[in-house]
Each structure stands twice: as C-alpha cells, then as structure tokens.
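Turn this into a structure:
(chains A and B)
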Amino acid sequence: MQLNFLTAHKLKKMLEKREVCASDIAASIQESCEKLQPKINAYINFDKSILQKQAEEIECYIAAGGKLHDFTAIPVAVKDNICTHGIKTTCASKILADYVPVYDATVIKKLQEHKYVLAGKANMDEFAMGSSNENSAFGPVKNPLDLQMVPGGSSGGPAAAVCAGMAICALGSDTGGSIRQPASLCGIVGLKPTYGLVSRYGLISFASSLDQVGPITRDVTDSANLLSAISGWDQCDSTSINTGKVSYKDFLVDDIKGLNIGVPKQLMAEGVDSQVADSVNNALEMAQHLGANIEQISLPSLEYALSVFYVIAPSEASSNLSKFDGVRYGYRNMQASTLHQMYRQTRAQGFGPEVKRRIMIGTYCLSSGYYDAYYEKAQRVRTLIINDFKKAFEKYDVLISPTSPTTAFKIGEKTGDPLSMYLSDICTIPVNLAGLPAISIPCGLSSENLPIGLQIIAGTLREDLIFKTAYSLEKAIGFNKFPLHLYE
Amino acid sequence: MKIISLEQASHVAKLAELELSSDELDKITSQLDDILGHVAKINEADTEGVRPTSHTLDTNNVLREDTVKDSLSQEDALKNAPQQSGGGFLVPKID
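Predicted structure coming up:
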C-alpha cells in the first residue's frame, strides 16, 4: 500500500520506528496530487514547494529530538474557509479570490503545535453553501470513486482529497451536514463535534449558531485523534466551551454490549433510497449481534427541521456576509462612482447564484414585518427539536440513521432545483439545529459500487459514546475502499 | 398565491445591497417563492409557550479581566484593503 493511503496513526508508528520520514510522506502526497488534481479538483490552492519546505522543517525538528505528536509530519487538507496566515483563503468565492489572512484560525494553531503539514487549501461550495461542491467559483470537485458523480458538499474538496490519497486527513466545517454528507458519499469518516467543542475563531462564518469545524479521516481512530488535537476552549470564540483536555482515543473501545440504540423513523422515511435503508439496517443487525438493543423511535418535530434550517441558516448568513462589501478586504468593483453603487456591484459580481439566493432568503426573513413570522418562529420550532432529542437521550445512548438519503448523484443532476438539493441534507440538518455531535461512517456499497454512510448521533458532549459505537461498528463492518483505479 | 412579489424581491435586493439584473431577479423571485412556500411548514408546529432558542447549550455569561493586549496592527488590518490612503480605507464618495 502506498503511504498516501495510510492512516495518521499507522504513519505515526512508522515514523517512530524510522521506517519513513516526513519527506517520504510529503512526496507520496505530492505525487498523487500532481496526478489527480486535474481530474478531481480537490484543491483550490496546492503548492508543492510549500509542502516540501514544511516536510524539510519537520525532518530537522525530528532530527533535533522533537516529540512525535499524533499529527507530526501528517499532510492535512484544510477546507478553504479556514484562515491560514499568509496563505490565500478564498471560501471558493470570487469575492475572496485574493484574500490572504493576517492570522491563523485556532484549529490551525493547534495543528501547528503538532508540527503537522498543510497539504493544501481544499475546494468547497462557495461560503459552504451547497451539498454537491458544484457551487465553487473554482470549478466543481469530482467524486474519486466515480468521476461522473459529485463528492457531496460543502466539504467536497476535503472529502475527495482524503478519499483519493491526496491528503491523509482533513479539516472541514459542518453547518447542516457539510462534513458528514461528503464523507458518506466518498466512503470515509466525518465527524461534526458538539457545538462549541472546537473553536470557530478563523473559520469564515456561514451560520454562526450552526457552524462547527471537524475532522474528515480514513478511520474512526484518526477521527478521535484529530478531534483531540483541535478541540478545546478558546478565548477568541465566545461560544467555545471548556471541557478540559480530553483524549478521545480512550473511548475507542470495541464493546457495545447493552448499548441502547434508537432509530428515528423520521430519518428513515420516504426519500431514503431502499439500498441505503437496507445497508443501514444490516449494520443495525450487526450491532444487535454485538449485544446492542435496537428500537424504532419517533421524534415528531424532526419533520420541521429542513424548514427551520432554511430560515435560520440563510438569516444568519445574510447578516454574516454583509461584511463583504469591497471596503476592507476582497474583491471591489473599481468602476463604481459612489459608495452604494460600489457595494451593490461588488456583491453582485463577487457572489455566486446560491450565495445570492441565500442572502435574499435571509434578508427577507429578517426584514421588518417578517422577523416574527419567520426567524423567531423558526427558533421556537428549533426548541421543540432540541426537546425531542433531549427526551430521546434520556432513554437511548445513541441514535442511528442514514447520513444521506441517497448515494452520490450525477454532476448537474440537482443544480437546476435548489429545493431538491436542500433535501440531500435532510438526515444531517436536525443535528446542527440541536448542537449535537454526530459521525458518519461507511457501512456498505450500492449496486453501482458507491459508498453508503450511516450516522451516529449522541447527546451534548457525548463524543465518548459516538467513538465507542463507531469504533465497534467499523470493526464489524470492516470497510475500506480506495480509488486505486485512478492510479493505474 | 404568491408569497413574494417581484416588487418585494426587488426591495429585499436593495436591503441586501445586491444589484440583480431583471433576469436574475425574475429567476430568484420564483425560487424564493418555492423555498418560502416550503419553509411555511413551520407554521404547522404548535409553539404556544415555547421559548425561541438562543443557544443550543445551557451556557452562562463568561467574564474575564479587561486587560490591555496587542491586537491586529494598522498595517495588517490594511493589508487586504482594495484601496487605502493615509492609514485608512479609501472608498468612493458617499451618496
């Protein structure tokens, strides 16, 4: 097996035994990126000289007796809405095409303490708005397992990079499913942590009450280790919570005997492809064999989740994106002769169609006379959703559902109809509304050989239960699929 | 019945500081109408006496000492400015 298809924990062992060095790993990633970037477009910014330079610095660090952390010398793809000091951060938007942050996001600083390697800035849907990675100003990303298909979104670039061996692991962001859905469509592992567990400082915001940074990895062990690396209280993020230092690796226990699993019928309803449902049901049977108790349950308010989301997320986005006005950073229309003309033309030319659509929805929902009927009403229904989950977690340890109602769909299939695209996130959105942690792990393949993912949801800050369940199921399912055909 | 008219959509675009061509406005108005039609489902939920969510976790205010620290320098703050002059952001005349 090539180095670029190994996990970070396996590479760490090899580094410890001096079987590989940082430059070997970087070279293997570089080779795959040079070969596959033209086909897959996983990166917006990939610079081999930066990659090599980092690897050389880390060799010196290790040679000088520096400690090997979990992500020392590991090339990580970083979604291009996470600020990297001195390195372009575009949010896949024309409006930020030349933006060079003057500071690092907290998650980047934390990985720097590990002496990680930045593999490159990964492609995404513009401002993280989308479920197929077709909304990027830098072109769509292709699914490495089938180049006719979307990789999912909005973290399509990070997921495709990990799937294709163009990075060992990745950081994405998840507002309504943007880590879990692409992980599911690319056959890898994606975790959305509890809201507030990972600092959002330096994450260019989309919907502040829903956004969360999280790991995209090849297995559950890397997911736990990457979460340990990036989580923690941050004084730069007022919504950050202080849990003290947690080593999530400690929860990787292969034992779900007696675990109570609820299966919400609202997330297994119509619209879920029968192959997806069968695959998830098979995994549930395995869980039962391992000693878990499975019960169908009902969370009635989940039927409102998509509607609540498409009021709250665009509302917050319209407010957050008002700062892109051509004054302090980003693109400016230079022809405009007055300030307001400049604002309007800058934004008209800088934002793509989906971003404009969401700004319009959000502005409408927050406008005078409509606020109570839309935004405030949605926040009340959100409370009902939170309460339904709370009640479920009094009885069940975790909830399991499909991650995405379908496997990867064809590029162009849903671009004409925004509503059908929004439905791709029907199973993941409720989790963000309630601020809960959830993971997507691969659970099988469709008859077209496309991966199917299952979602494990736990209560607030119960990542321990997520890792225990995911680790046990990963062992039982034994899934790994690499797009080796691309290397032939 | 239409939820949002062309005139309303045009007003919203103004509020959002977005210049839309008439084709764009036509298309976005009908898409908005579809989406708002779908989200109207929230009105079916009984929220009598239910408080709106302000934060998903039960958090409290966090206070800290107000100490003087370094922040972004003026030079750094201006680094991405499309136009600058005399240490400030330069903009077209205010209409």
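
Name the residues of the helix or strand harbouring residue A:50 that come out as buried.
Assigned by DSSP states H and E, residue A:50 falls within helix A:48-63. For helix A:48-63, the neighbour count (16 or more other C-beta atoms under 10 Å in any protein chain shown) marks A:50-52, A:54-55, A:58-59, A:61-62 as buried. C-beta here means a position set from N, CA and C on the backbone, and glycine is covered the same way.

what element comes up after it heading to the C-terminus?
Sequence-wise, the next helix or strand downstream of helix A:48-63 (DSSP H and E) is strand A:75-79.

shouldn't residue B:36 be in contact with residue A:364?
Yes - contact criterion C-beta atoms under 8 Å: residue B:36 and residue A:364 qualify, at 7.4 Å.

Quick check: neighbours shared by the two?
Common neighbours of residue B:36 and residue A:364, using C-beta atoms under 8 Å, 6 or more residues apart in numbering or on different chains, are residue B:4.

one step back: mind giving me a markdown table with the buried residues of helix A:48-63 and columns for distance to chain B?
As requested, the buried residues of helix A:48-63 are exported to a markdown table (distance: C-beta to the nearest C-beta, whole Å):
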| residue | distance to chain B |
| --- | --- |
| A:50 | 19 |
| A:51 | 25 |
| A:52 | 26 |
| A:54 | 23 |
| A:55 | 28 |
| A:58 | 27 |
| A:59 | 31 |
| A:61 | 27 |
| A:62 | 32 |
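
Between these, which sits nearest residue A:77?
Using C-beta to C-beta, residue A:51 comes nearest to residue A:77 of these, at 11.2 Å.

Identify the residues contacting the closest one.
With C-beta under 8 Å, 6+ apart, residue A:51 has these contacts: A:26, A:29-30, A:75, A:117-120.

ok, now how distant is the residue nearest in space to the middle of chain A from residue B:71?
With distances taken as C-alpha atoms, centre = their mean, residue A:179 lies nearest the centre of chain A, 2.0 Å away. As judged by C-beta to C-beta, to the nearest Å, residue A:179 and residue B:71 stand 31 Å apart.

Ok, residue A:397 next?
45 Å.

again, but for residue B:45
44 Å.

Between the two, which has more neighbouring residues?
residue B:45 (20 against 7; other C-beta atoms under 10 Å in any protein chain shown).

the more surrounded of residue B:36 and residue A:364?
A count of neighbours by other C-beta under 10 Å puts residue A:364 above the other of residue B:36 and residue A:364, at 26 against 20.

which non-adjacent residue is nearest that one?
Spatial nearest neighbour of residue A:364, chain neighbours left out: residue B:12 (4.9 Å); criterion: C-beta to C-beta, 6 or more residues apart in numbering or on different chains.

Give the other helices and strands that the one helix or strand that neighbour maps to contacts.
Remark: residue B:12 resides in helix B:6-15, with elements defined by DSSP H and E. Contacts defined by 3 or more C-beta pairs under 8 Å, 6 or more residues apart in numbering or on different chains; DSSP states H and E place helix B:6-15 against helix A:353-366, helix B:22-39.

Against residue A:454, how distant is the most centrally placed residue in chain B?
Within chain B, one residue has its C-alpha closest to the average C-alpha position: by C-alpha atoms, centre = their mean, that is residue B:16, at 7.4 Å. According to C-beta to C-beta, residue B:16 and residue A:454 sit 39 Å apart.

What of residue A:407?
In terms of C-beta to C-beta, residue A:407 sits 13 Å off from residue A:454.

cool, and residue A:277?
11 Å.

try residue A:382
Residue A:382 is 25 Å from residue A:454, by C-beta to C-beta.

what's the answer for residue A:241, then?
Counting by C-beta to C-beta, the gap from residue A:241 to residue A:454 is 27 Å.

more neighbours, the two?
Legend: neighbour count by other C-beta under 10 Å for residue A:241 and residue A:454, higher for residue A:454 (28 against 19).

I'd like to know how many residues surround the residue lying closest to the more buried one once chain neighbours are set aside.
Residue nearest to residue A:454 in three dimensions, not counting chain neighbours: residue A:443, with 4.4 Å by C-beta to C-beta, 6+ apart. The number of residues packed near residue A:443 is 28, by other C-beta under 10 Å.

now residue A:87
18.

ditto for residue A:254
Residue A:254 - counted by other C-beta under 10 Å - has 12 other residues nearby.

do residue A:239 as well
Around residue A:239 there are 18 residues (other C-beta under 10 Å).

I'd say it and residue A:200 touch.
Yes - if you go by C-beta under 8 Å, residue A:239 and residue A:200 touch, sitting 7.0 Å apart.

which neighbours do those two share?
Going by C-beta under 8 Å, 6+ apart, residues that sit against residue A:239 and also against residue A:200 are residue A:208.

Spatially nearest residue to residue 94 (excluding sequence neighbours)?
Assuming you mean chain A. Distance criterion C-beta to C-beta, 6+ apart; nearest residue to residue A:94, sequence neighbours excluded, is residue A:137 at 4.6 Å.

nope, chain B please
Going by C-beta to C-beta, 6+ apart, residue B:94 has residue A:339 as its nearest residue, at 4.7 Å.

Might you report the residue contacts of that neighbour?
Applying C-beta under 8 Å, 6+ apart, the residues near residue A:339 are B:91-95.

Which helix or which strand is home to whichever residue of chain B sits closest to chain A?
Proximity of chain B to chain A (C-beta to the nearest C-beta) peaks at residue B:56, 2.9 Å away. When elements are assigned from DSSP H and E, residue B:56 belongs to no helix and no strand.

Quick check: residue A:268 touching residue A:401?
Yes - when contacts are counted by C-beta under 8 Å, residue A:268 is listed as touching residue A:401 (6.4 Å).

Please identify which of those two sits among more neighbours.
When residue A:268 and residue A:401 are compared for neighbours, residue A:401 comes out ahead with 26 against 19, by other C-beta under 10 Å.

Confirm that that one sits in a strand.
Yes - counting by DSSP: H, G, I helix; E, B strand; the rest coil, residue A:401 is found in a strand.

Spatially nearest residue to it, not counting backbone neighbours?
residue A:267 (3.6 Å).

which SS state does the one you found fall under?
helix.

what sits against residue A:352?
A:93-94, A:126, A:135, A:137.

Could you check how far it is from chain B?
12 Å (C-beta to the nearest C-beta, to the nearest Å).

hang on, the earlier thing: and the residue nearest to the centre of chain B, how far from residue B:9?
Relative to residue B:9, and taking C-beta to C-beta, residue B:16 is found at 10 Å.

what residues are shared contacts of those two?
residue A:360.

what's the neighbour count on residue B:24?
15.

Which residue of chain A lies farthest from its centroid?
residue A:337 (40.9 Å).

Leaving out sequence neighbours, find the closest residue to it.
Residue A:337 sits nearest to residue B:92 (C-beta to C-beta, 6+ apart), 5.9 Å away.
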